[in-house]
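>>> Give me a 3D structure for the following:
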Amino acid sequence: MILSLTGPSGVGKTTLLHNLLRTLPNAHPLESITTRAPRSSDEPGEYRYVERGQFEAMESEGVFLWTAHSDTNRYGTRKVIVDSALGSGMYIPILVMQVISILYSYADRVHKKNELRLIYIHMNDEEELRKRLQERGDSAQSIERRIKECRSWHTDAKASGVPFLFLEGSLSREKLLEQSVAYMQN
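Next comes the predicted model:
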């Protein structure tokens, strides 16, 4: 089973991931391949770090079910990892909207939609989101760009046709965890 977490920056996806992994003893991150450097917040098994050339070789070989590219980094998830996760166990990735559509369509094609739980975390309280992004150290320009992004992500998620459980990011960490665990167990 895959329990994906989606939403814009600052809504609490990484915190929820950490809490779910601590709460659910059989849960694991869904491994992604990335060209970025490790971060202290990365969970063991969440990423495999490679050089850009190695990533590009893997990409050209077609091993990824999806990729996402930022200005400086590359991310990809291997199809074999997704197939394994849809077959057994509990895996939790943080995914962007474009990737959710790919995952949902793929699971439908291989008749495994019942092995997906899709959570979208949104933040209606823009002042709270602004505060969180400031506490992270984001620049004022970046914060305003991300606030605008948050509005469009929420609209896109509602219009996507993907059966998300929508959770409000301003809820307490405990409440977000409680609602996520209950949804996962349905």
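>>> Distance check, the one residue sitting closest to the centre of the chain against residue 13.
With distances taken as CA atoms, centre = their mean, residue 94 lies nearest the centre of the chain, 1.5 Å away. From residue 94 across to residue 13, the span is 5 Å (CB to CB, to the nearest Å). For the C-beta atoms, the positions are set from N, CA and C on the backbone; glycine is no exception.
>>> Need the residues touching each of the two.
5, 6 (CB atoms under 8 Å, 6 or more residues apart in numbering).
>>> returning to what we had before: any idea what the residue nearest to the centre of the chain is bridged to?
Beta-bridge partners for residue 94, by DSSP bridges, are residue 5.
>>> For the host helix or strand of residue 107, list every residue counted as buried.
Assigned by DSSP states H and E, residue 107 belongs to helix 97-109. By 16 or more other CB atoms under 10 Å, the buried positions in helix 97-109 come out as 97, 99, 100, 101, 102, 103, 104, 106, 107.
>>> Report the distance from it to the chain centre.
13 Å (CA atoms, centre = their mean, to the nearest Å).
>>> before we move on, what about stretch 65-76?
Relative to the centre of its chain, stretch 65-76 is centred 13 Å away, using CA atoms, centre = their mean.
>>> Let me see the mean pLDDT of it.
For stretch 65-76, mean pLDDT is 89.
>>> Can you give me the buried ones in that stretch?
Result for stretch 65-76 [16+ other CB under 10 Å]: buried residues 65, 66, 67, 68, 74, 75, 76.
>>> distance between the ends of that stretch?
Using CA to CA, to the nearest Å, one end of stretch 65-76 lies 8 Å from the other.
>>> C-terminal to the longest helix along the chain, what's the next element?
Identified as the longest helix of the chain according to DSSP state H is helix 140-159. The helix or strand immediately downstream of helix 140-159 is strand 165-168, counting by DSSP H and E.
>>> Packing partners of whatever helix or strand comes next after that next one?
Per DSSP H and E, the first helix or strand lying C-terminal to strand 165-168 is helix 173-184. If you count contacts as 3 or more CB pairs under 8 Å, 6 or more residues apart in numbering; DSSP states H and E, helix 173-184 packs onto helix 13-23, strand 116-122, strand 165-168.
>>> Would you mind putting those into CSV with mean neighbour count and mean pLDDT alongside?
Shown next, in CSV, are the helices and strands packed on helix 173-184 (neighbours: other CB atoms under 10 Å; pLDDT from 0 to 100):
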stretch, mean neighbour count, mean pLDDT
helix 13-23, 18, 93
strand 116-122, 23, 95
strand 165-168, 16, 94
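>>> Of all those, which one comes closest to residue 147?
strand 116-122 (12.4 Å; CB to CB).
>>> Direction included, what does that closest one pair up with?
When DSSP bridges is applied, strand 116-122 pairs with strand 2-6 (parallel), strand 165-168 (parallel).
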